[in-house]
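Student: just a sequence and a predicted model for now, questions to come.
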Amino acid sequence: MYSELLLGAALLILAAWVAYRAVRTIGRRNPDTPVTVQTRLPVAGEPGSIDKDQLRVLKKLAVPGVDYKALSKEQAEILLDCVAYVQSVWETDLQRRFSELPARSLEESLTIILDHESYRERVVTWHQGLEDENDLFVPDDACHAAVKFHLAQTA
């Protein structure tokens with residue numbers, strides 16, 4: 001008798017927990033919330049901890065879909081890595097000036113990178129290597145092909 005009551009109580013608690021998690025998940029997927037570059041950035045660091053140099057560079061680049069002051073230092077670094085990658089593909093592969101890149105194309109290219117964790121990791125690794133070797137070479141991989149294809153349609 002007690003084992004049946006304990007089993008029933010355990011199932012009731014489990015059902016309540018599953019319902020709670022489902023409600024929380026549905027609440028996060030608000031269809032009215034626009035999906036922007038910022039919402040695609042991974043959650044990392046303390047929101048608003050962006051440093052002055054990062055803020056200055058991002059404002060100068062005018063990256064669309066981003067509230068710069070709400071970014072963490074880590075998110076800003078990822079975003080700067082991604083912009084540098086797009087800039088390198090645009091300038092090196094397509095031989096265009098970065099100032100000629102439409103804001104919409106930049107935003108879409110950043111979306112391509114940020115929507116794929118492996119692309120994002122690849123770009124961060126590439127930018128770290130760039131700082132070490134000072135070489136703009138972008139390896140020909142899936143990330144490069146996707147970004148280059150998208151930018152070539154813009155050019």
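Tutor: Sure, I can see it. Numbering: from 1, shown residues only.
Student: mind giving me the domain ranges of the protein?
Tutor: Listed by automatic domain parsing, the domain ranges of the chain are 1-33, 34-154.
Student: of those, flag the one that's most buried.
Tutor: Ranked by mean neighbour count, these are led by domain 34-154 with a mean of 16 (mean count of other CB atoms under 10 Å). C-betas here are computed from N, CA, C, even on glycine.
Student: mean confidence score for it?
Tutor: For domain 34-154, mean pLDDT is 80.
Student: just how off-centre is that domain within its chain?
Tutor: 8 Å (CA atoms, centre = their mean, to the nearest Å).
Student: then stretch 4-14?
Tutor: Relative to its chain's centre, stretch 4-14 lies at 42 Å (CA atoms, centre = their mean).
Student: nearest residue to I112 other than its sequence neighbours?
Tutor: Distance criterion CB to CB, 6 or more residues apart in numbering; nearest residue to I112, sequence neighbours excluded, is A146 at 5.3 Å.
Student: which other residues reach the helix or strand harbouring that neighbour?
Tutor: Using DSSP states H and E, the element containing A146 is helix 142-154. Residues outside helix 142-154 that contact it (CB atoms under 8 Å, 6 or more residues apart in numbering) are 85-86, 89-90, 93-94, 101-102, 105, 108-109, 112-113, 116, 118-119, 122-123, 138.
Student: straight-line length of stretch 90-99, end to end?
Tutor: With CA to CA, to the nearest Å as the measure, stretch 90-99 spans 10 Å from end to end.
Student: strands of the chain, start to end?
Tutor: Secondary structure of the chain (DSSP state E): no strands located.
Student: all helices of this structure, in order?
Tutor: Taking DSSP state H as the criterion, the chain carries its helices at 2-28, 37-40, 52-61, 73-88, 103-114, 117-133, 142-154.
Student: let me see the backbone angles for P64.
Tutor: Main-chain dihedrals, P64, degrees, to the nearest 10: phi -80, psi 150.
Student: thinking again about what came up before, can you redo the helices of the chain as CSV with distance to E46?
Tutor: Formatted as CSV, these follow (distance: least, CB to CB, whole Å):
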stretch, distance to E46
helix 2-28, 20
helix 37-40, 15
helix 52-61, 13
helix 73-88, 8
helix 103-114, 20
helix 117-133, 19
helix 142-154, 28
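Student: closest to D67 out of these?
Tutor: helix 37-40 (6.2 Å; CB to CB).
Student: picking up where we left off before, could you check the angle the helix holding A146 makes with helix 103-114?
Tutor: Interaxial angle of helix 142-154 relative to helix 103-114 (axes from the mean of the first three to the mean of the last three CA atoms, to 10 degrees): 160 degrees.
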